[in-house]
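[1] Take a look and give me a structure for this.
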Amino acid sequence: MAKKLFIKTHGCQMNEYDSARMQDLLGESHGFEKTDNEEEADLILLNTCSIREKAQEKVFHQLGRWKKLKDKNPNLKIGVGGCVASQEGEKIIKRAPQVDLVFGPQTIHRVPKLYQNIAIEHEENVDITFPKTEKFEHLPEQKNEGPTAFVSIMEGCNKYCSFCVVPHTRGHEVSRPIDDILQEIESLSIMGAKEINLLGQNVNSYRDSKLKTKGLGLSNLIRAASKIYGIERLQFTTSHPFEFGQDLIDVYEDVPELISYVHLPVQSGSNEILKKMRRRHTRDEYFELIDKLKAAREGISISSDFIVGFPGETEKDFLDTLDLVDKVGHDESFSFIYSPRPNTTAKDLEDDVPMEEKKIRLSELQHKLENSAYSISRKMVGQVRKCLVTGISKKNPGEFQARTENNKVVIFSCSDSSKIGKIIDIEIMEAKNKSLRGIAI
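    Okay, the predicted model is just below:
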């Protein structure tokens, strides 16, 4: 009988991508089959994220619950990967001896060997090194179901924003060769993918690792990917304002396959806070970039990330952030209370904003962001939009789910399941908090 694999994933889309690839690897090397029931698993993997405070405690609480499973089944193997694993290393096993293997984001391709080491040979079981692009050279062909697929094009980050732990847990920026990426996209297209999301911690710093292209890395990749037969939509996540050049702005004007949406984290609307965050851009430079994007693509949606309560953030600094949201008109965005992270320079700053004040500011910001996103949705009511049908609605199996060209979720009724994976016209009838309702034309 085939061994069962259970994977729990925390955090970003990069982690989701890595988890899917580990499933492919272990299925190919050891015959593992995926299970959604952790109690029947022979191997449990936890793919972690350390971007927020208390990430480590969240991991150890989960490991504590799984210890009970291991007490019942001593043959069960437990592995911890991702950014917390990269950050903590062997300390995880010392604190939670029920853990058998630990691996970082750059060593997921070695998980089958680590599993073999501990399950059969009882050898080394920790690997949190940063072996550049070796990871991608050893991953099997991606198995994709459905019309959308994610393709990781680069790893790591060189920006060292004062609040961010990513450069320490995922390493320096490393890009894949463009030919390898295009080959993966072509393979996904053959499997039925219509939309590709290009992934990276700082995706617009992508440079073809073979050619060392300067200045035109991501824009060249998008133009080349748009010519692959069967690919009808492209998007990318996550970008940084500092390296969002004119060549990338021009792509929005020249490449219709690139959706009318960009996630462009600003973090704060205050120049003083941006400087403390070491973001390398000012609010005016952010506004200038937004204006160029809106000129290049009419109706483009802009989403962002925000941190409130950063050390030294005054009431005026916070009001500058609210003002920025008003002026940009952000779509669905993410906002968080600042939390000090290990190995970052901001952790040494005085965390002088009271928690109660942080919560009030977060609530006010989120309310403004929700209103901004809802305002964009309301303006779409009555319009006919081209939407990619992505599958069955998650909340109502009797309905379908689609995404507009500016990345809004649309729920609609339809009796024809053959529309999944196709771009169809949908008239938007109603705007809800997190989605739209429509009728297929």
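
[2] Contacts only, for the closest residue to residue 240 other than its chain neighbours.
    Residue nearest to residue 240 in three dimensions, not counting chain neighbours: residue 202, with 5.1 Å by C-beta to C-beta, 6 or more residues apart in numbering. Any C-beta I mention is one placed from the backbone N, CA and C, and that applies to glycine too. Residues counted as contacts of residue 202 (C-beta atoms under 8 Å, 6 or more residues apart in numbering) are 154, 156-159, 173, 238-240, 243.

[3] shaky segments in the stretch 51-200 of the chain?
    Where the stretch 51-200 of the chain drops to pLDDT under 70, the residues are 121-124, 132-133.

[4] all helices of the chain, in order?
    Applying DSSP state H to the chain gives helices spanning 13-30, 55-72, 82-88, 91-95, 111-116, 134-137, 166-170, 178-190, 217-226, 246-254, 271-277, 283-296, 315-328, 355-380.

[5] which other residues reach the second one?
    Contacts of helix 55-72 with the rest of the structure, by C-beta under 8 Å, 6+ apart, involve 8, 10, 38-39, 41, 44, 46, 48-50, 76, 78, 80, 83-84, 87-88, 92, 95-96, 98-99.

[6] Can you tell me which of those are buried?
    10, 41, 44, 46, 48-50, 76, 78, 80, 83-84, 87-88, 92, 96, 98-99 (16 or more other C-beta atoms under 10 Å).

[7] Touching, residue 392 and residue 401? I think so.
    Yes. Between residue 392 and residue 401 a contact is recorded at 6.8 Å, counting by C-beta atoms under 8 Å.

[8] Give me the more crowded residue out of those two.
    Just comparing residue 392 and residue 401: by other C-beta atoms under 10 Å the higher neighbour count belongs to residue 401, 20 against 14.

[9] Identify the residues contacting that one.
    389-394, 409-411.

[10] quick check, nearest of those residues to residue 344?
    residue 409 (33.9 Å; C-beta to C-beta).

[11] How many residues are close by the closest one?
    Residue 409, neighbours per other C-beta under 10 Å, totals 18.

[12] for it, which residues make a bridge with it?
    Taking DSSP bridges as the rule, residue 409 bridges to residue 403.

[13] again with residue 413
    Those that pair with residue 413 in a beta bridge, by DSSP bridges, are residue 439.

[14] and the gap between it and residue 428?
    14 Å (C-beta to C-beta, to the nearest Å).

[15] swap in residue 436?
    Taking C-beta to C-beta, one finds residue 436 at 5 Å from residue 428.

[16] on that earlier part again, show the buried residues in the contacts of residue 401.
    So, by 16+ other C-beta under 10 Å, the buried ones in the contacts of residue 401 are 389-390, 393, 409-411.
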